[in-house]
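S.K.: Here's my sequence, what's the structure:
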Amino acid sequence: MRNNHRSAPLFFSMTYEFLEIYLSKQCGRSPHTVESYRDALSLFRRYILHTLGISIGAFTFAECTRECVLGFMDYLTELKSKPGTRNQRLAALKSYLMFAADKDVTLQSSELEIRRVPQCRVPKTEKTVIPENAMAAILQQPPNTKLGLRDRAMMVLLYDSGARLAEILGLNVSDAAIAGDNPYIRVNGKGSKQRIVPISAKTAKHLAQYISVYHTKGRQETDLLFFTVIKNVAGMMSEGNVERFVKEYARKAQCSCPSVPDHVHPHMFRRTRATQLYQNGVSLPLVSRLLGHASLQTTQLYAKPSLKMLREAIESVETLEQKAEKPIWEEDEAMMAKLSGLR
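M.R.: Next comes the predicted model:
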């Protein structure tokens, strides 16, 4: 089979241009987006090599058939990838093929064939939010140490701003305006879109205390608001590091507060904040703007009504007794008698 396609373009011959030039420079995708596409194509390469036994220097576009891609989806399933993750990998593969077909019209039939590969069905599950008392318990867990000061400031900012973890980790000290009466942070979101996110005075106080300890003269030279030091070099803190200490503080908080969910991760802070804003009467378009969503439809995932909102909605509807209609001819005695078959 493979010998019939040796004249066809090699499948991975355009991946470098796709990742390093097209996505990052021409489309302006964020580094995180580029890395997710790189991961998807790298996994596809491993599947081609280890499952199909074809080298990166031999696999052609003609061999990337519907059956091949469906086999890749099965391969991801065996790796325990969730349906949403498998869909993301498939979307990255389709995007690459679309790019390649635009450069080489002979590949359009291959791109069309793969475009029709269906996505996995993602089961709709109730997204967990952290109850108010549970959030308070988690934020109280960091010890009164230098490291605890950093962890608490990070978690307080994550919750209060509702920003993505990657956005918080990408903040510079200059992005935190905490001196005035209206403190805020300047966030660089997806697609390099910048937005201003207001924060509370209490959060500003936590940040000011953190900055006074971590960003004074004689400390590590870095513009990053939050950072880690490895071999005396300050660099961006990893998301895995934040996930680790958030889970640890949540586990400790469960001892005193049983309402803390079993599996707490940083994104739950954002989801919880968005849901609470909506339940407290903040309009959905405004919540969407604060979160940096490009589509209001995305924000609707966080629009989870509280029991109080549902009860008020039910009570606002008139019952049948309240809506009992009055007879049209209530005051016309003769007409009412006629309609009753009387004279």
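
S.K.: Just the CA atoms of the strand or helix carrying residue 137, as PDB, please.
M.R.: Here residue 137, judged by DSSP states H and E, is contained in helix 132-139. Extracted as PDB, the C-alpha positions of helix 132-139 are listed here (Å, rounded to 0.1, in the frame of the first residue of the first chain):
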ATOM      1  CA  GLU A 132     -18.900  29.700  49.700                       C
ATOM      2  CA  ASN A 133     -18.000  28.200  53.000                       C
ATOM      3  CA  ALA A 134     -15.700  25.600  51.300                       C
ATOM      4  CA  MET A 135     -13.900  28.300  49.400                       C
ATOM      5  CA  ALA A 136     -13.300  30.200  52.600                       C
ATOM      6  CA  ALA A 137     -11.900  27.100  54.200                       C
ATOM      7  CA  ILE A 138      -9.500  26.500  51.400                       C
ATOM      8  CA  LEU A 139      -8.200  30.000  51.400                       C
END
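
S.K.: Just the mean pLDDT for the following helix or strand past it, thanks.
M.R.: Next in sequence after helix 132-139, counting helices and strands by DSSP H and E, comes helix 146-161. Here helix 146-161 scores 94 as its mean pLDDT.

S.K.: The helix or strand following helix 146-161 - what's its average pLDDT?
M.R.: The first helix or strand that comes after helix 146-161 along the chain, using DSSP H and E, is helix 165-169. In this model, helix 165-169 has an average pLDDT of 93.

S.K.: got it, and stretch 293-308?
M.R.: Computed over stretch 293-308, the average pLDDT equals 68.

S.K.: and if you look at stretch 175-189?
M.R.: Mean pLDDT, computed over stretch 175-189, is 89.

S.K.: do the same with stretch 241-261
M.R.: 95.

S.K.: distance between it and the chain's centre?
M.R.: Mean-position distance between stretch 241-261 and its chain equals 21 Å (Cα atoms, centre = their mean, to the nearest Å).

S.K.: how about low-confidence regions in this structure?
M.R.: 1-7, 191, 218-220, 298, 302, 304-333, 335-341, 343 (pLDDT under 70).

S.K.: how is this protein carved up into domains?
M.R.: 2-115, 132-306 (automatic domain parsing).

S.K.: just to revisit the earlier point, what helices and strands are in contact with the helix holding residue 137?
M.R.: Under the contact definition 3 or more Cβ pairs under 8 Å, 6 or more residues apart in numbering; DSSP states H and E, helix 132-139 sits against helix 146-161, helix 239-253, helix 267-279. C-beta coordinates here come from the backbone N, C-alpha and C atoms, glycine included.

S.K.: buried sites along the second one?
M.R.: In this case it means helix 239-253. By neighbour count with 16 or more other Cβ atoms under 10 Å, helix 239-253 contains the buried residues 239, 242, 245, 246, 249, 250, 252, 253.

S.K.: Relative to residue 164, how far out is the last one?
M.R.: Residue 253 sits 23 Å away from residue 164, taking Cβ to Cβ, to the nearest Å as the criterion.
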